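> any chance you could fold what I've pasted below:
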Amino acid sequence: MPKKSSVNKSEEIRQILSQNLKTPVKDVIASLSAKGIKVRASLVYAIKTQMKKRKRKQLRQKVARVSPNGNAVQLIRAVKSVAAQAGGMKNLKELVEALSE
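Below is the predicted model:
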């Protein structure tokens, strides 16, 4: 039976990736090996995928909360009608950019 280490490798990987999710896998492995922790690339890829999945899910939930009545289809139709009144999506985008300044 393999000896259980006191270090949680997955948690160490999450700590590194929480600083920057786009950190290359080789850099994650190198920084952990400097600490004396051996990890495989497949474990880093798996945890990175889980973190991206969790981030996408949170983003979708946030967008769902932002919509006023919870019906995204109606919101999209309303935006399209406003774009038609503004003379197209390009003009609407320019108006929004001008308002944000």
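
> which phi and psi does residue 13 have?
phi -60, psi -40 (degrees, to the nearest 10).

> what about it, neighbour count?
For residue 13, the count of nearby residues is 24 (other CB atoms under 10 Å). Glycine gets a C-beta too; all of them are placed from N, C-alpha and C.

> what do you get for residue 43?
Residue 43 has 15 nearby residues by other CB under 10 Å.

> centre-most residue in this protein?
residue 55 (3.9 Å; CA atoms, centre = their mean).

> list the helices and strands the longest helix along the chain packs on?
Determined from DSSP state H, the single longest helix within the chain is helix 41-66. Judged by 3 or more CB pairs under 8 Å, 6 or more residues apart in numbering; DSSP states H and E, helix 41-66 is in contact with helix 9-19, helix 25-34.

> which parts of the first one are buried?
Looking back up the chat, that one is helix 9-19. For helix 9-19, burial by neighbour count (16 or more other CB atoms under 10 Å) applies to 9, 12-13, 16-17.

> what angle sits between it and helix 41-66?
Interaxial angle, helix 9-19 versus helix 41-66 (axes from the mean of the first three to the mean of the last three CA atoms, to 10 degrees): 50 degrees.
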